[in-house]
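Trainee: Okay, predicted coordinates and the sequence, questions at the end:
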Amino acid sequence: MAKNAIVGQSGGPTSVINSSLAGVFQACQSRGAGTVYGMCNGIAGLLEERVVDLSKTLRSSLEIELLKRTPSSYLGSCRYKLPTPEEDEETYIKLFRILEKLDIGWFFYIGGNDSMDTICKLSDYAKATGSPIRFMGVPKTIDNDLMVTDHTPGYGSAAKYIGVVMKELVRDATVYGTKYVTIVEIMGRNAGWLTAASALARSEDCEGVDMICLPEIPFNVENFIAKVERMQKNSASIVIAVSEGVKLADGRYVCELADDARFVDAFGHKSLTGTARYLANRVAAALDTKTRSIELSTLQRCAAHMTSRTDITEAYQVGGAAVKAASEGHTGEMIALKRLSNDPYQCTTEPHDVHEVANFEKKVPLDWINADHTDMTEKFLAYARPLVQAELTPMFIDGLPRHIYLK
């Protein structure tokens, strides 16, 4: 390959997204790419021609290793909705002129559903206009909601963090022996994969959470309060995991019942927060109990001290697999993880048409949720446990983890 390559990161970061960047960068180098450019702040930055030569910022094996263990997006991110060519072809003309100016042959985008939509549009436009540039998607999202892939890099580490935190909260919530309801809000707009991970807290040394509420199941506030009241007859302290995106039967998010103003991003997504706070206030008003609401928020996606070794290894592998696929002539595809077995856990990679991914969402299977919609079944646990195995300890300097960032 004589031409150059370019890679960007988009959407919400994860604790292992930089491992995928390292995988793309090193695979491009090993396969004879010219310059490997990084987009600063994704495609939005590329439109402003803000790029960096990665060989000048990642100069040693130690820096590559630090990159793998650094959370968030090294290159910066964006939430830019690429219009269709029919809506705004000038944007495409500008982008392809920039790519031609940089002599780009391969284009890699690390991201989730909206990022795969970008790859889909760019690859379709390239085919329609005869451009030889190859466009490949590298999966990333803690939400675990991408189609065709068994799971997404980023999910395993977020699930590990959630399992650990919920286990610690269960221990903390029981110390006083008085009536107490702790409601923990976990990310997940329309799919409950992250909230489901709270079921991992249950083990021989922990009774686990008392209730798990997912967006896949229509939510009823009065029924929720009644369940809490019944549970407190058996145990004074109750710990509940609730998805930020739980919805009423009419489709409204529960958090919309509060009076908080909501903004909408470029992709039409409403901001979701306050579900736990709203429910804690309702429970406190209806029952004779103290309540507490906790939002894990961005901690779920940046807790690199709790990274799963399985996750960070697979994140690196999908980056390298995307380069391999592009070198073999693939374009308009996303690398997927294909699970071969649970025990022993074995997983491989394979490319899939990005049209099968973009603008679709993978939900938690309903048969992985128990009959009364309060817990996960063994099917989910068998799926999730391999993804949280082993650790990759940060490099500690003066008692704190060392990171690398783009100056």
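Mentor: Looks like it arrived, so ask away.
Trainee: rest of the way, CA atoms for contacts and neighbours
Mentor: Noted.
Trainee: For the closest residue to Gly208 other than its chain neighbours, list the residues it contacts.
Mentor: Once flanking residues are discounted, Gly208 sits nearest to Arg202: 3.9 Å by C-alpha to C-alpha, 6 or more residues apart in numbering. Each residue near Arg202 by C-alpha atoms under 8 Å, 6 or more residues apart in numbering is listed here: Lys167, Gly208, Val209.
Trainee: end-to-end on stretch 201-211?
Mentor: Across stretch 201-211, the terminal residues are separated by 12 Å (C-alpha to C-alpha, to the nearest Å).
Trainee: ok, and for it, which residues are buried?
Mentor: Buried residues in stretch 201-211, counted by 16 or more other C-alpha atoms under 10 Å: Ala201, Arg202, Gly208, Val209, Asp210, Met211.
Trainee: Neighbours of the residue nearest to Leu21 when sequence neighbours are not counted, how many?
Mentor: Excluding the flanking residues, the one nearest Leu21 by C-alpha to C-alpha, 6+ apart is Gly319, at 6.5 Å. Using other C-alpha atoms under 10 Å, Gly319 has 30 neighbouring residues.
Trainee: Same check on the one 5 residues further on?
Mentor: Lys324 has 16 neighbours, counted by other C-alpha under 10 Å.
Trainee: which one is it nearest to, not counting chain neighbours?
Mentor: Once flanking residues are discounted, Lys324 sits nearest to Ala27: 7.5 Å by C-alpha to C-alpha, 6+ apart.
Trainee: Backbone dihedrals for that neighbour, both of them.
Mentor: phi -70, psi -40 (degrees, to the nearest 10).
Trainee: my guess is it meets Gly320, correct?
Mentor: Yes - at 5.2 Å, Ala27 counts as touching Gly320 under the criterion of C-alpha atoms under 8 Å.
Trainee: Name the residue in those two with the higher neighbour count.
Mentor: Taking neighbours as other C-alpha under 10 Å, Ala27 and Gly320 compare with Gly320 leading, 24 against 20.
Trainee: where does the more buried one land on pLDDT?
Mentor: What the model reports for Gly320 is a pLDDT of 98.
Trainee: What of Lys407?
Mentor: According to the prediction, Lys407 has pLDDT 85.
Trainee: Over to Ala258?
Mentor: As predicted, Ala258 sits at a pLDDT of 84.
Trainee: Okay, it and Val228: tell me how far apart.
Mentor: In terms of C-alpha to C-alpha, Ala258 sits 20 Å off from Val228.
Trainee: More neighbours: which of the two?
Mentor: Per other C-alpha under 10 Å, whichever of Ala258 and Val228 has more neighbours is Val228, with 19 against 14.
Trainee: My reading is that that one is in a helix; is that accurate?
Mentor: Yes - counting by DSSP: H, G, I helix; E, B strand; the rest coil, Val228 is found in a helix.
Trainee: Nearest residue to it in space, please, no chain neighbours.
Mentor: Closest residue in space to Val228, ignoring its immediate chain neighbours: Ile238 at 7.6 Å, by C-alpha to C-alpha, 6+ apart.
Trainee: Tell me, how many residues neighbour that neighbour?
Mentor: Residues within reach of Ile238, counting by other C-alpha under 10 Å, total 22.
Trainee: Quick check: which element contains the residue nearest to Leu21?
Mentor: helix 309-327 (DSSP states H and E).
Trainee: could you give me the average pLDDT of the following helix or strand past that helix?
Mentor: Where DSSP H and E defines the elements, the next helix or strand beyond helix 309-327 is strand 333-342. Averaging pLDDT along strand 333-342 yields 98.
Trainee: Tell me the first helix or strand C-terminal of strand 333-342.
Mentor: With elements assigned by DSSP H and E, the helix or strand that comes after strand 333-342 is strand 345-353.
Trainee: what's that following strand in contact with?
Mentor: Contacts of strand 345-353 (C-alpha under 8 Å, 6+ apart): 148, 317-318, 321-322, 325, 332-341, 386.
Trainee: let's see 6 Å
Mentor: The contact list for strand 345-353 (C-alpha atoms under 6 Å, 6 or more residues apart in numbering) reads Glu333, Met334, Ile335, Ala336, Leu337, Lys338, Arg339, Leu340.
Trainee: Of the residues you listed - the most surrounded one?
Mentor: Result: Met334 is most packed of the contacts of strand 345-353 (other C-alpha under 10 Å), 33 neighbours.
Trainee: In three-state terms, how would the residue nearest to that one when sequence neighbours are not counted be classified?
Mentor: Nearest non-adjacent residue to Met334, counting by C-alpha to C-alpha, 6+ apart: Gly137, 4.2 Å away. The three-state label given to Gly137 by three-state DSSP is strand.
Trainee: now swap in the one 10 residues further on and tell me
Mentor: Reduced to three states with three-state DSSP, the structure at Met147 is coil.
Trainee: my guess is it meets Ala358, correct?
Mentor: No - Met147 is beyond contact range of Ala358, at 8.3 Å (criterion: C-alpha atoms under 6 Å).
Trainee: With distance to Ala382 as new columns, can the contacts of strand 345-353 be given to me in JSON lines?
Mentor: Shown next, in JSON lines, are those (distance: C-alpha to C-alpha, whole Å):
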{"residue": "Glu333", "distance to Ala382": "29"}
{"residue": "Met334", "distance to Ala382": "26"}
{"residue": "Ile335", "distance to Ala382": "23"}
{"residue": "Ala336", "distance to Ala382": "20"}
{"residue": "Leu337", "distance to Ala382": "17"}
{"residue": "Lys338", "distance to Ala382": "15"}
{"residue": "Arg339", "distance to Ala382": "12"}
{"residue": "Leu340", "distance to Ala382": "13"}
